[in-house]
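okay, sequence plus prediction incoming.
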Amino acid sequence: MDRRAALEVNGRSYRWMREPLVVVCVDGCENAYIDEAVRAGAAPWFARTRDKGSAFIADCVVPSFTNPNNLSIVSGAPPSVHGICGNYFYDPDSGQEVMMNDPRYLRAGTILAAFADAGASVVVVTAKDKLRTLLGHKLKGLCISAEKADPDMLELTGMALPSVYSAELSEFVFAAGVKLIERRRPDLMYLSTTDYVQHKAAPGSAAANAFYAMMDRYLAQLEAAGAAIALTADHGMNDKHGADGAPNVIYLQDMLDAWLGTGAARVILPITDPYVVHHGALGSFATAYLPKGADARAIAARIAALPGIDESLLRAEACARFELPEDRMGDLVLVSRRDTVIGTSRARHDLSGLDAPLRSHGGISEQRVPLVFNRRVEVEAGRRLRNFDAFDLALNCVT
Ligand SMILES: [Zn+2]
């Protein structure tokens with residue numbers, strides 16, 4: 001392969017790949033899933049790679065949700081740069097609550113598109129279609145989802161079209177990745193799964209170990225096909241329920257309605273998306289828009305005193321700390337603790353689809369994620385690693 005000049009993307013420099021690079025984002029991959037699968041003997045590739053390659057713990061972006069983190073990984077930058085800070089946000093210009101899965105909300109280019117523009121062949125496979133248009137923005141390459149796989153891809157993988165709520169949706173991503181690396185030998189591939197299994201099954205459970213064993217087999221095949229692999233996660237995952245199995249929920253809209261008058265404040269849950277069966281739109285992060293003239297600091301202090309709240313911050317301090325775009329966050333930013341989620345009004349959450357005790361994410365408690373390479377990677381001591389350093393380490397720091 002020819003060695004081209006390094007590329008500059010969002011203020012960072014990336015060396016041209018020396019071998020095909022596959023960057024994998026395992027949705028909801030709490031570190032304990034890998035630990036437990038390795039311990040059970042279900043994940044020989046992970047066991048070997050953590051030993052012979054390089055394995056780190058990195059911080060994802062808070063809110064620890066799927067879209068902000070996938071976009072951070074592929075742009076090498078936090079949401080303050082690329083603009084995607086949730087699945088869902090309140091657009092004060094239009095007065096509407098809208099899905100943020102349209103590329104018009106994206107404020108930065110991706111590493112994927114930059115390499116494709118420079119002549120690299122690039123392939124992206126995602127589980128859910130909601131991410132496809134964001135990841136594929138301005139990308140001159142193949143960008144497909146398992147959810148909307150076409151007949152050619154079904155034939156290539158030999159799989160039936162998977163349900164959006166299934167382990168197979170993620171398996172399809174890997175099956176397609178293996179076939180495409182064998183057939184096309186792309187320079188760069190990005191694979192992104194879905195966290196359906198992690199929302200249902202705790203680390204070490206039979207379902208979780210089976211899922212990690214499945215991924216492990218495909219990762220070994222990608223490696224056998226000659227790929228350098230960088231694997232990270234968009235966020236972790238924790239139990240958000242009590243001993244009785246009922247979710248621990250702070251219904252913040254109900255509280256603000258009681259304090260300020262019904263509908264005076266507006267609570268936005270950026271986890272909200274059309275796929276609510278596995279989490280009921282309940283996560284550990286919320287933002288609130290307050291009525292004009294409200295004493296934001298006093299309300300923040302009142303929320304901070306609620307049991308289960310981890311952080312209750314004013315917009316400016318939250319955006320500085322979590323690297324978020326100020327124009328897309330409310331007056332307050334709220335993060336709940338490891339075992340607690342934040343809801344809007346009790347009446348607005350349909351929890352009938354939850355067929356297992358709630359596991360979810362969104363908070364600081366889901367920020368620690370794996371960052372694993374099947375090559376030796378060297379980083380300077382004391383560096384705070386982020387999941388969005390995956391491309392940097394894979395391209396610039398392999399020894
Ligand atoms: Zn996710």
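Yes, it's here.

how about the residues of the stretch 101-250 of the chain by the ion?
For the stretch 101-250 of the chain, the contact set with the ion under CB under 5 Å from the ion comprises Asp195, Asp234. Using the backbone N, CA and C atoms, a C-beta is placed for each residue, glycine as well.

if we use 8 Å, what do you get?
Thr194, Asp195, Ala233, Asp234, His235 (CB under 8 Å from the ion).

which residues does the second one contact?
For Asp195, the contacting residues are Asp27, Gly28, Thr66, Asp234, Met237, His278, His361, taking CB atoms under 8 Å, 6 or more residues apart in numbering as the criterion.

ignoring the adjacent residues along the chain, who's closest to the residue in the stretch 1-150 of the chain positioned nearest to the ion?
Nearest residue of the stretch 1-150 of the chain to the ion: Thr66, at 3.2 Å (CB to the ion). Of all residues not flanking Thr66 in the chain, Asp234 sits nearest, at 5.0 Å (CB to CB, 6 or more residues apart in numbering).

the one you found contacts Pro63, doesn't it?
No: contact criterion CB atoms under 8 Å: Asp234 and Pro63 do not qualify, at 10.5 Å.

I'd say Lys128 and Lys148 touch.
No: assessed by CB under 8 Å, Lys128 is found out of contact with Lys148, at 9.3 Å.

and these two? Which one has more around it.
Per other CB atoms under 10 Å, whichever of Lys128 and Lys148 has more neighbours is Lys128, with 26 against 13.

tell me the phi and psi of the more buried one?
phi -90, psi 150 (degrees, to the nearest 10).

do Ser360 as well
phi -160, psi -160.

picking that back up, more crowded one of Asp234 and Pro63?
Each of Asp234 and Pro63 has its neighbours counted (other CB under 10 Å); Pro63 has more, 33 against 29.

now the more buried one. Nearest residue, chain neighbours left out?
Phe285 (3.9 Å).

using the three-state scheme, assign the residue nearest to Ala265 when sequence neighbours are not counted.
Excluding its sequence neighbours, the residue lying closest to Ala265 (CB to CB, 6+ apart) is Leu256, at 4.0 Å. Secondary structure state of Leu256, per DSSP: H, G, I helix; E, B strand; the rest coil, is helix.

ok, Leu256 touching Thr262?
No: applying CB under 8 Å, one finds Leu256 not in contact with Thr262, separated by 9.3 Å.

which of the two has more neighbours?
Ranked by neighbour count (other CB under 10 Å), Leu256 and Thr262 place Leu256 first, with 27 against 11.

where do the helices sit along this protein?
Assigned by DSSP state H, the helices in the chain fall at 31-39, 44-52, 66-75, 79-82, 111-117, 132-135, 151-157, 167-184, 196-200, 206-224, 252-260, 296-304, 315-322, 390-396.
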